[in-house]
Each structure stands twice: as C-alpha cells, then as structure tokens.
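Participant: What follows is a predicted protein model with its sequence.
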Amino acid sequence: MTDLRLLHLTYAGSGKPTAHVAFDDAITVIYGASDTGKSFIVDSIEYMLGGTSLTLIPEAEGYSQILLGLRMPDGNPLTLVRRPGSTAVQAHFADLRDLVTRTPDRDLTAVHTARSTRSLSMFLLDELGLGEVTVRKNEAGGTRALTLPDLAYLAVITETRMVDPLSPALRSHASSTKTAATSVVKFLLTGEDDPVVNTGPNAGQRRVNKGQITLLDQIVLDLTGKLTTQENETQLRQRLTRIQTTIDTQSQSLRVISDRHVTAVTRRMQTSQELAALENRLTEATDLLTRFQLLEQQYRSDLERLAMVNEAGSLLGFFRVGTCVFCGAEPEHQHPEHSSQETTQLHQAVQAESAKTTTLLTELLPTIIDLSTQFDELRNSREALLRQASQLDADIGTAEDQLSPLRDHMDELLTARSAVERELELHSRINEMQERRSKLDGQSAVESARPAEHIPTRVLNAFDTVLRQTLEEWKVPAVDFAEYDQYAADIRAGSRPRAGRGKGVRSVLHSAFTTALARYCIEHDLPHLGFIVLDSPVVTYREPVGEDVDITGHVVDHFYRHMAAFPGQAIIIENGDPPADVLSRATSYRFTGSEEGRPGFFPTAFPTPPGNG
C-alpha cells in the first residue's frame with residue numbers, strides 16, 4: 001500500500017503572521033520549553049484528519065484557517081483547509097502555505113458519512129485504496145465502514161492519551177466501542193476486513209420487533225372489523241368471477257346499443273345540418289322567385305299601358321302628319337317650333353319601349369320557370385329530410401329506452417364488483433400484515449451472535465516480536481516479554497498490564513505499540529497511514545530505582561536513535577533535547593519560550609525563522 005506524508009501544518013489569518021512548521025519525510029523533532037504550542041501542533045494534526053473538536057490556545061486567536069499539507073499516494077500535493085470550529089473542509093490539489101483565497105478543488109466535510117463523496121474520511125480512504133473496507137462493530141458481528149479517524153487514532157498520539165491508562169488500541173472506556181477498536185487493529189495486522197453478515201436482531205431490535213408485532217396485531221384486528229361478509233377469499237373470488245362474467249355480457253349488449261345510439265345521433269346531427277342548409281336555400285329561392293314574379297307583373301303592366309298609349313294615339317291621330325290636332329293649323333301655317341315628325345317620333349318611342357319590355361319579359365320567364373323547378377325540388381328534399389329526421393329521432397328514443405335499464409343494471413354490477421374487490425383488498429392487507437408478523441417472529445430464531453474473529457497466532461507472534469525488539473532497542477528495563485493481548489485489547493509487559501503501570505511506563509509502552517504497529521504494517525505492506533505523531537513519548541519515564549532518580553537520558557537517547565531509522569515518517573514532540581547525532585539527521589524545531597531563537601509555534605513580536613538543531 002502507498003502511504004500518506006505530512007508536508008506542513010500552517011495557521012493563517014488576515015493581518016496575522018503565518019504560523020508554520022514543515023515536516024521531514026523521515027523524522028521531525030519539535031522540542032523545547034513548555035507552553036510554547038508543541039502539543040497544540042499534535043492536536044491540530046488530529047483535528048485536520050477528521051477530529052471533532054480542537055481547543056484553541058490564546059495565541060491562535062485571530063487565525064481563521066488551518067492548513068495541513070499532504071503528499072498523496074500518487075506523489076501529488078494536497079492541502080486541506082479548515083476553519084477552527086467548522087466541519088467544512090476545503091481540498092486544494094496544490095501545496096499552499098499561506099492564507100487561501102482561491103476556489104477549492106473539492107468541498108468536503110469532516111463528518112464521516114459512509115459512501116459519501118463529500119466526506120473527508122471517504123475521500124482520503126479512497127486515495128489509500130481503503131474505501132470499501134468494513135470492520136466489525138459489535139459482538140453480533142455487525143459491521144460498519146472503516147473511517148479515517150480509526151487510522152489516525154493509532155498514528156497520532158496526543159500527550160493526554162500517551163499516559164492514559166486506557167489501552168492504546170481502544171478509543172474509549174465504553175464497552176460498546178471495544179469490538180470496533182480491536183477489529184481495526186486486526187485489520188491493520190492482517191490486511192483482512194470483516195465481511196458484512198446478517199447478524200439478526202440485537203436486544204434493542206427485538207424490543208422494536210415486539211412493538212411492531214403488537215402494532216401489526218392491532219392493524220389486523222382493525223382490518224378484520226371492516227369486513228362486511230363472512231365469505232373467505234376463495235368464495236369472494238368466485239363471486240367476483242361471476243359478476244365479471246355478467247358485466248362482460250352486459251357490456252357487449254351496451255356496446256351494441258350504444259353504437260346504434262351513437263350512429264343515430266351522428267346521422268341526426270348530419271340531417272339537422274343538411275336541413276339547416278336546405279332551409280337557407282329555400283329561403284333564398286323563395287325570395288328570388290317572389291322578386292322575379294313581381295318583376296314579371298311589372299313588365300306586363302308596362303306593356304298594357306304602352307298598348308293603351310298606342311291605341312289612344314292612333315284614335316286621336318297623334319301619330320299622323322298634317323293638320324295639327326291641337327291647334328288645327330295646316331302644316332304650312334304651323335309654328336316653326338312644331339316638328340313635322342313629332343307625332344311620328346312619339347309613335348316610334350312607344351313601339352320601341354314595348355319591344356324592349358317584351359324582350360325583358362321573354363328573358364325573365366325561363367328564369368322564373370327554372371326557379372320554380374328548383375323550389376319544388378328543394379321543398380321535396382326538405383320533406384324527405386324531415387321524414388328521415390323523424391325516423392332518426394324515433395331510433396334515438398328507442399336506443400335510449402333500451403340503454404337506461406341496461407345502464408342501471410351495469411351500475412349495480414359495478415357497485416357489487418367494487419364491494420367484492422374491497423373485501424379482497426382487506427383480505428390481502430390482512431395476509432400482508434400476518435406475513436410481516438411471521439417474519440418478525442422468525443427473526444428471533446436467527447443466530448444473534450457469531451464467534452469473534454481473532455488475529456491469527458502466527459501474525460500476533462510476529463507483531464509481538466517487533467514490539468519486543470522496539471523496547472529492546474530503546475533499552476527500557478522491567479518490560480520483559482511485552483505482548484499485545486488481543487482479548488483484553490491491551491499491552492502486557494513484565495507479566496503486568498499496561499494500565500497497572502506508572503505514567504512513565506505507560507507512555508513508553510504506548511509509544512512502543514504505536515511505533516511497532518506502524519513499522520510492522522509498513523514492512524509487511526499492510527494498511528497504515530504511513531506516519532506516526534508522538535507527543536511526549538518518553539519525557540515522563542524514570543527508571544524504577546533509587547529515590548525517583550531521573551535517568552531518562554539513557555532510554556531517551558536510544559529512543560531517538562532508533563526512531564531515526566524508522567521506515568515511515570515520524571514526528572516527535574518532546575521537552576528534552578534530543579542527542580546531537582539525531583539532530584544532525586532530523587528536521588528539528590527548538591521552541592525557546594523567549595525572544596531568543598524561535599519562541600514557539602505562533603510568531604511573537606520578534607519572530608525568527610525556524611532552523612535545524
């Protein structure tokens with residue numbers, strides 16, 4: 001497996017000098033005076049790797065961003081940015097070491113959510129190839145997804161946890177968390193996670209099941225009370241079949257009569273439209289015929305008057321040339337204005353008007369005859385349409401008389417079918433509730449626990465060997481035959497559990513367990529973050545001789561020299577000065593607590609750049 005590497009921890013804020021430490025790929029030592037922010041560095045790393053809380057020190061006031069630089073397994077840099085007190089984490093695929101104002105490449109959350117692409121835990125675990133790993137969470141064999149804090153807890157050790165009597169493998173004193181913690185250690189030592197299994201209900205689930213069974217019983221009683229017949233499902237289905245057969249037969253009759261009714265109504269509508277159009281044409285023809293007949297009468301009246309004028313003119317001599325019939329003057333004695341042709345022209349005018357009127361009358365008469373013929377045809381057509389409409393009205397009435405009782409009967413059948421279907425639905429729901437109840441009853445027969453899967457003896461012996469070699473390299477006395485007791489989930493040394501030892505021995509054993517676990521995983525290509533962070537691993541250790549004589553230098557020197565050859569990345573926080581030969585090989589920061597050198601993690605009014613010891 002490819003590991004992560006810590007590149008730097010940076011605090012940034014607007015108008016604030018950057019607080020920054022860079023980490024060596026091999027070993028980084030931060031040592032010096034107390035109350036200079038050394039332990040705060042460890043707390044901040046833990047917080048940036050998914051920790052839930054961080055207690056800020058006064059020097060951190062005004063800093064709005066925490067930046068943790070990582071080198072990913074593919075060799076590319078990643079900077080995580082998180083605000084103190086916030087669960088939001090910004091991921092930038094770049095090595096950033098100052099106040100970040102750019103848009104993040106990924107928006108993540110420090111809250112672990114299984115299978116969530118926005119979870120910081122799932123994001124980094126996917127990068128490590130551990131996104132699908134599950135660990136056992138309870139005695140029943142239930143599992144949950146591995147989280148980033150599961151791994152960080154075994155790699156980043158704060159000063160408080162270093163001396164805590166609680167086992168290095170456990171996350172709390174609560175018995176409910178022991179199974180998951182030991183399962184994580186087993187996974188790291190073996191590389192094998194716990195498969196997802198059906199464990200059956202636990203005690204809480206059984207209580208829930210009991211409540212659900214009581215509720216289901218009540219629902220069955222309520223549904224049974226809504227049944228209106230004593231017929232069982234088979235009888236109801238048989239009655240439903242009979243009703244449906246009758247409905248199908250009735251539907252066929254209704255369909256035939258309905259089709260006949262629809263056809264008659266459609267034809268009646270078409271007939272009405274044809275009658276309306278015919279009535280319009282009859283009205284127009286009647287109007288034209290009346291007008292033409294009046295015109296004929298006018299022409300004949302005009303001809304009669306012209307004939308009377310012609311006859312009167314002939315009798316009175318108006319149309320002869322000679323002595324004026326009005327004054328008796330002979331033509332030669334007539335007034336110059338009298339025209340000898342005047343009377344003749346009047347006769348010609350009467351004749352011309354008579355001829356014209358006769359022509360118009362002659363042309364009008366065929367039109368009147370044609371209109372009369374059309375009028376008769378239209379009237380005959382109307383009579384036929386009226387008879388057809390009457391017949392269609394009779395057909396429609398007959399169909400409606402036949403449909404009415406059929407529809408009433410069909411409504412009764414449909415109502416009866418709905419009642420049967422409602423009864424069947426109630427029976428179906430009752431059966432469903434009873435089936436659910438049966439399943440809940442059956443779940444109690446499922447095995448509620450399965451045997452615990454322990455670390456194989458050969459693997460545990462190999463790890464214990466690395467643990468003992470580590471303590472031997474550190475020259476720690478009185479801890480002979482150190483081993484990891486997977487049943488108690490604790491370290492035993494000198495036939496005594498770690499929890500029963502003093503603070504100094506507890507801190508050394510915790511450091512040795514963390515270091516040995518990381519070394520074993522790295523050397524055997526097993527899952528691990530690839531780095532460890534140890535806060536005060538040996539500072540409180542005193543060899544148990546004399547009157548509490550401080551002879552820690554012996555163990556401390558061997559501890560540092562051994563850690564200088566650590567195969568992964570080690571970050572060590574201590575108060576005492578490391579050996580000079582180790583400082584020459586390590587990246588080191590010496591916090592002085594004064595204006596000389598580097599005062600602490602956060603710059604003061606007189607900051608100086610970090611240097612190597």
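Facilitator: On my side now, so go ahead. Keep in mind that this is a model prediction, so the values were computed, not measured.
Participant: alpha carbons only for contacts and neighbour counts from here, please
Facilitator: Will do.
Participant: my guess is Thr508 meets Leu534, correct?
Facilitator: Small correction: residue 508 is Val, not Thr. No - between Val508 and Leu534 no contact is recorded; they are 10.5 Å apart, counting by CA atoms under 8 Å.
Participant: what's the helix or strand for the nearest residue to Leu288 once chain neighbours are set aside?
Facilitator: Residue nearest to Leu288 in three dimensions, not counting chain neighbours: Leu371, with 7.8 Å by CA to CA, 6 or more residues apart in numbering. Taking DSSP states H and E as the definition, Leu371 sits inside helix 342-443.
Participant: That helix packs against which elements?
Facilitator: Using 3 or more CA pairs under 8 Å, 6 or more residues apart in numbering; DSSP states H and E as the contact criterion, the secondary-structure elements in contact with helix 342-443 are helix 203-225, helix 233-316.
Participant: So for Ser588, which of these sits nearest?
Facilitator: Each of those was scored for nearness to Ser588 using CA to CA, and the closest is helix 203-225 (52.9 Å).
Participant: in the closest one, what's buried?
Facilitator: Of the residues in helix 203-225, those scored as buried under the neighbour-count criterion (16 or more other CA atoms under 10 Å) are 206, 209, 213, 216-217, 219-220, 223.
Participant: what's the answer for stretch 277-290, then?
Facilitator: 278, 281-282, 285-286, 288-289.
Participant: Name the nearest residue to the residue most central in space within the chain, sequence neighbours excluded.
Facilitator: By CA atoms, centre = their mean, the chain has its centre lying nearest to Ser116, at 13.0 Å. The spatially closest residue to Ser116, leaving aside those adjacent along the chain, is Met122, at 6.8 Å (CA to CA, 6+ apart).
Participant: That neighbour against Thr109, yeah?
Facilitator: No - assessed by CA under 8 Å, Met122 is found out of contact with Thr109, at 10.0 Å.
Participant: Please identify which of these two sits among more neighbours.
Facilitator: In terms of neighbours (other CA atoms under 10 Å), Met122 is the more surrounded of Met122 and Thr109; the figures are 26 against 22.
Participant: Just the pLDDT for the more buried one.
Facilitator: Note on Met122: pLDDT of 92.
Participant: picking that back up, how about CSV for the helices and strands packed on helix 342-443, with mean pLDDT and distance to Gly141 added?
Facilitator: What follows is the helices and strands packed on helix 342-443, written out as CSV (pLDDT from 0 to 100; distance: least, CA to CA, whole Å):
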stretch, mean pLDDT, distance to Gly141
helix 203-225, 83, 14
helix 233-316, 88, 43
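Participant: what bits of the stretch 401-550 of the chain have low per-residue confidence?
Facilitator: Judged against pLDDT under 70, the low-scoring parts of the stretch 401-550 of the chain cover residues 442-453, 539-550.
Participant: Now with 50, please.
Facilitator: 446, 448-449, 545-550 (pLDDT under 50).
Participant: Tell me where it has helices.
Facilitator: 457-473, 503-523 (DSSP state H, counting those that start in this stretch).
Participant: Out of those helices, which is the most enclosed?
Facilitator: When those are scored by mean count of other CA atoms under 10 Å, the highest mean neighbour count falls to helix 503-523 (a mean of 24).
Participant: what's the burial count for Leu364?
Facilitator: 16.
Participant: Would you confirm that it contacts Glu296?
Facilitator: Yes - shown here, Leu364 and Glu296 form a contact pair, counting by CA under 8 Å, at 7.1 Å.
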